[in-house]
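J.: This is a predicted model, with the sequence first.
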Amino acid sequence: MRADGNPLKSSTFRLSALYLLFFLLSTIALLGYIYFNTVGLLQRQNEETIGAEVAGLVDQYGTQGLEGLIAAINRRIEAKSPMLFMLADAQGAYLAGNLHTPSINALPDNQWIDFAIRLGDADGTVGHQVRGFNMQLPQDYQLIVGQDVEDLNQFLIVIRKAFYWGLALALAMGLGGGYLISRNFLRRIDAITDSSREIMHGNLSGRMPTSGSGDELDRLAQSLNEMLGQIEKLVQGMREVSSNVAHDLRTPLTRLRARIEAALRQENPNEYKTTMEQTLADSDALLSTFNAVLSITQLESGEQRSNLQVLDAHEILEDVVDLYAPLAEENHGALVLNSTPGLFVRGKREIMAQALTNLVDNAMKYGESKSGGARIEVSGIKQGQDIIITVSDNGPGIPDSDKPRVLQRFVRLDESRSKPGNGLGLSLVASVANLLNGKIILKSNLPGLRAELHLPYAAPDG
Amino acid sequence: MPAESAASLTNAPREGTESAMRILVVEDDKDAASWLVKGLKESGHVVDHASDGEQGLDMAGEAVYDVLIVDRMLPKLDGLKLIRSLRDQNNKVPILILSALNDVDERVNGLRSGGDDYLAKPYSFAELLARVEGLGARKLLDPKDAKLRVLDLEIDLMTRTISRGGKAIILQPREFKLLEYLVRNAGHIVTRTMLLENVWDYHFDPQTNVIDVHVSRLRGKLDKGFATPLLQTVRGAGYMIRAR
């Protein structure tokens, strides 16, 4: 199955389209501002020039009369002034200047006028636009001073065209770019979707593709991959546990069944009773295995995390040592406690005691030295921000290569399984450590095993 | 449970069951109930059975029972609600809660609701019987007494001293607690699990049997030099201090 990846429907495309819209709007606003300012500025300059000329000529007329005015106009024309002039009498007849028509009387007086140069109008180029001022002089003489604004208009047209093209280009590039970007983005999303589908269909070792650029998609893919790694580990663990459970429960169940079957064939009531007693013992062992699995499951669910309270681990150590010391002596060994009050941790007496009894139990079972019983030391110290509870023995210990393995469920190094146990003791300790935000570390006691339970120190309330 | 729980259920009248008790079993699982009723009857008790919570509440109100055995999960009326209703009616009958949930919090809930003891399924019948008989027994000793006396044994709870036949016995604090619990239940079987729960306050089973050593040490101090042993081992069940 391939993810349905139409780039036009992608959120990236919608986003880039929206972005494009805002970009265009702001561009239009900016260009419009520039355009109207430029136009305004050029027109103002134009008008100021014309205005200055008009003022100068009116001045000439005032001081030197009509003759002076005509002379001034002619001087300007001879000096190749870019301006257009026309002086007419009250009837509108041409008197002077390089502009001949238009019919000046039809034009409004004392106002800005715009007109196009017609054939024979002027010495200027036919068809060009002119902007000018129609000045009414005393004795009804009329003076038009104007300027060819064709260049200005052309310039404005060019600018407008440039703006239109610019906008069209931005639109096209924005849409095209948005399409390409979203297609590229979509490809990566599709790749992730495909990977997740593949994983969903059972390939738990599959991972999300990364581009190596370290961008947000890569970061997403990386954290998804970390999550997948965790899930794979958990599922792996579950699978192992289920197969272990199947194995570790099937063996005693098979034995149980065989024994009952044999008992049913027997005639001798005495043997019958022995068989029944063995069967009961077997089922008790099975039940305790079940209970241990349930305890671990419960610990791992983390439900009890809300019921933790600050307590002194020293008291728990004391109680457990008190419980086990007589048994250790009975087995020609020793169990000593080496700790002082003040080992405050956030925990729960019951589960901590259970974890500790498991460690002591293990030490008693597997910690016997060649010279005799197990010599076990239980100690508790505060080191930095950690409370370290140690159970050490002088037995054969655990080879380094097996240390990580023994924390797993149902793993027993004692291949012969000559000692009673279900291979869950250390798993439970690990679960307790995990629940209490601590860890279990197995070290070598040279010789022997040194199991360290590290728990975070918690300042006592009040 | 250790291998020894290979029960001696059918072992004819045991010393613990001195008087027949009237017991109500409130359990919806037919097989479990009939097995329970049969076992309790064989142990010499009079047993009634209710198969749901409402029926249990009715029956407990109609007759006087020495002990109620109540399953935690019941149809119609939940086990804990049943117990609460009974306690609201000021019914003080001792109640043993049976539950498939073996969780410390669950146990605390059960006892808070008014249960007197809590036993997680699956359990051995010997364990259940010991607890039921312990609950139902009319206590020989007043809990307010400062001195506990059984035969020639005397425990002074104020001075925390023990004497047997006038001879002082020195015990460690934990041994004292162990003996006190056994003596309070004198004449009744006390299982290893009951000792772990009541003397050590542990509600889990250690993988090794640690209780026996403590009891045998206590026995050494208690019975040494005396003709009649006070502290008995009841095979397949637990321990008992003789009351007579």
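T.: Everything's here; your move.
J.: Let me know the secondary structure of the residue nearest to A:Gln139 when sequence neighbours are not counted.
T.: Nearest non-adjacent residue to A:Gln139, counting by CB to CB, 6 or more residues apart in numbering or on different chains: A:Ala90, 7.2 Å away. Heads up, the C-betas are built off the backbone N, CA and C, glycines and all. Three-state call for A:Ala90 (DSSP: H, G, I helix; E, B strand; the rest coil): coil.
J.: residues in contact with A:Ala90?
T.: A:Ala90 is in contact with A:Gln139, A:Asp140, A:Tyr141, A:Gln142, counting by CB atoms under 8 Å, 6 or more residues apart in numbering or on different chains.
J.: before we move on, what about B:Asp71?
T.: Taking CB under 8 Å, 6+ apart as the test, what B:Asp71 contacts is B:Val26, B:Glu27, B:Asp28, B:Asp29, B:Gly79, B:Ile97, B:Leu98, B:Ser99.
J.: among these, which are in strands?
T.: If you go by DSSP state E, those have B:Val26, B:Ile97, B:Leu98, B:Ser99 in strands.
J.: quick revisit: kindly provide the distance from the residue nearest to A:Gln139 to A:Met83.
T.: According to CB to CB, to the nearest Å, A:Ala90 and A:Met83 sit 23 Å apart.
J.: now swap in A:Gly56 and tell me
T.: 11 Å.
J.: Which one's more surrounded, these two?
T.: Neighbour totals were compared for A:Gly56 and A:Met83, and A:Met83 leads with 20 against 13 (other CB atoms under 10 Å in any protein chain shown).
J.: my guess is the more buried one contacts A:Gln147, does it?
T.: Yes: A:Met83 lies in contact with A:Gln147 (CB atoms under 8 Å); the separation is 5.7 Å.
J.: anything in contact with each of the two?
T.: Shared contacts of A:Met83 and A:Gln147, defined by CB under 8 Å, 6+ apart, are found at A:Thr49, A:Ile50.
J.: looking at chain B, which helix or strand does the model trust least?
T.: Lowest on mean pLDDT, DSSP states H and E among the helices and strands of chain B sits helix B:104-112, with a mean of 83.
J.: That one near chain A at all?
T.: Yes: using CB under 8 Å from any CB of the partner chain, helix B:104-112 reaches chain A at B:Val104, B:Asp105.
J.: Off-centre distance for whatever helix or strand comes next after that helix?
T.: Scanning forward in sequence from helix B:104-112 by DSSP states H and E, the next helix or strand is strand B:117-120. Relative to its chain's centre, strand B:117-120 lies at 10 Å (CA atoms, centre = their mean, to the nearest Å).
J.: Neighbouring strands - and their directions - for strand B:117-120?
T.: When pairing is defined by DSSP bridges, strand B:117-120 lines up against strand B:95-99 (parallel).
J.: Could you tell me the angle between the strand it pairs with and helix B:104-112?
T.: 150 degrees (axes from the mean of the first three to the mean of the last three CA atoms, to 10 degrees).
J.: what sits up against strand B:95-99?
T.: If you take CB under 8 Å, 6+ apart as the criterion, strand B:95-99 is touched by B:27, B:67-73, B:79-80, B:83, B:86, B:106-107, B:110-111, B:114-121, B:123, B:128, B:131-132, B:135.
J.: how about the strands of the chain, start to end?
T.: You didn't say which chain, so I picked chain A. All strands of chain A, identified by DSSP E, fall at A:83-88, A:94-96, A:111-116, A:129-136, A:142-148, A:309-312, A:334-339, A:344-347, A:375-383, A:386-392, A:439-444, A:449-456.
J.: Let me rephrase: I mean chain B.
T.: Going by DSSP E, chain B shows strands at B:22-26, B:46-50, B:67-71, B:95-99, B:117-120, B:147-150, B:153-156, B:161-164, B:167-169, B:190-191, B:231-234, B:238-241.
J.: send the alpha carbons of the third one over as CSV?
T.: Extracted C-alpha coordinates of strand B:67-71, given in CSV (Å, rounded to 0.1, in the frame of the first residue of the first chain):
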residue,chain,number,x,y,z
VAL,B,67,-17.4,-16.3,60.9
LEU,B,68,-18.2,-15.0,57.5
ILE,B,69,-16.1,-16.0,54.5
VAL,B,70,-16.7,-13.4,51.8
ASP,B,71,-15.4,-13.5,48.2
